[in-house]
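# Okay, predicted coordinates and the sequence, questions at the end:
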Amino acid sequence: MTQNSPRETARFNMIEQQIRTWEVLDPVVLALLDQVPREHFVAESQQGLAFADIELPIGEGQTMLSPKLEGRILQAVSVKKTDKVLVVGTGSGYLVALLAKLAQHVHAIEIYPELSNNAQYRLQAEHIHNVTLYVSDGVHGFASATPYDVIIFTGSLPLRPSDVEQTLNVGGRLFAVLGSYPIMQATLTLRVAENAFRHETIFETCLPVLENAPQPSQFEF
């Protein structure tokens, strides 16, 4: 009988104790989280924490999403092999890698050049090539490659991104965490027709706000 390595055991525990218990039950998503090495998308000094239920710092004041949130996002957007995906906030590149395994192509936009460069290096090391990375401010989406089948914001937004919803194909899905701390909700928008959208609240969570995100109007009395 083969003894699992500590890393394999930690990955198994992450999936079974964090992700599956957070209502991520899609077998495709669970298998993917087992296959793509999360520890390869963090700094070497953090590899012992790669499977922990925390948001790891990745530089520039930014953090990597927790494993269970990544699992819930993947399950919610239900990526197909023919999908073109936009990720706003490349971050560590791990969520981008997961999406690339499912989609036809992933476009990922990141405001911090160093984070984008690090993600590029890690994706290449994993031989993931159906990804295009951009360094820019993506809070209002990315018009150059529209329309998209799936759009994911990896930071929170105080307001619904109605302008970005318009860049979805009919049948497309947009994931965003909306609201202001401490009350935020993970939402899924579906474009059900050319001029019709359906909005669903999936669960409650909190994420750091995206750089330059539009803010609600402030009224003075």
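Cool, the structure landed.
# Show me where the chain has its strands.
For the chain, the strands defined by DSSP state E cover 57-59, 62-63, 84-88, 105-110, 131-135, 148-157, 168-180, 183-193, 196-204.
# What lies in contact with the fifth one?
For strand 131-135, contacts defined as Cβ atoms under 8 Å, 6 or more residues apart in numbering pick out 90, 96-97, 100, 105-113, 116, 119-120, 123, 142, 144-145. C-beta here means a position set from N, CA and C on the backbone, and glycine is covered the same way.
# Mind giving me the ChimeraX command for buried ones among these?
Selecting only the buried entries of those in ChimeraX, with 16 or more other Cβ atoms under 10 Å as the criterion:
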select :90,96,97,100,105,106,107,108,109,110,111,112,116,119,120,123,142,145
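# Now go through the contacts of strand 131-135 and say which are in helices.
Per DSSP state H, helices hold the following members of the contacts of strand 131-135: Val96, Ala97, Ala100, Pro113, Ser116, Ala119, Gln120, Leu123.
# out of those residues, who's nearest Pro6?
Ala97 (22.4 Å; Cβ to Cβ).
# How about the contacts made by that closest one?
Contacts of Ala97 by Cβ under 8 Å, 6+ apart are Val36, Phe41, Arg122, Leu123, Glu126, Ile128, Val131.
# now with 6 Å?
Val36, Leu123, Ile128 (Cβ atoms under 6 Å, 6 or more residues apart in numbering).
# Got phi/psi on the nearest residue to Pro182 once chain neighbours are set aside?
Nearest residue to Pro182, sequence neighbours excluded (Cβ to Cβ, 6 or more residues apart in numbering): Cys206, at 6.4 Å. Main-chain torsions, Cys206, degrees, to the nearest 10: phi -130, psi 140.
# okay, now Cys206: neighbour count?
15 (other Cβ atoms under 10 Å).
# and what of Tyr94?
So Tyr94, with other Cβ under 10 Å, has 27 neighbours.
# picking that back up, so which of the strands of the chain is nearest Leu210?
Of all the strands of the chain, strand 148-157 sits nearest to Leu210, with 3.6 Å by Cβ to Cβ.
# Quick one: residues in contact with the closest one.
Here strand 148-157 has contacts from 77, 79, 83-89, 91, 167, 169, 172-178, 184, 207-210, 213, using Cβ under 6 Å, 6+ apart.
# Hey, what's the angle from it to strand 105-110? Just curious.
20 degrees (axes from the mean of the first three to the mean of the last three Cα atoms, to 10 degrees).
# Mind checking the pLDDT average for strand 148-157?
Averaging pLDDT along strand 148-157 yields 98.
# Perfect, that will be all.
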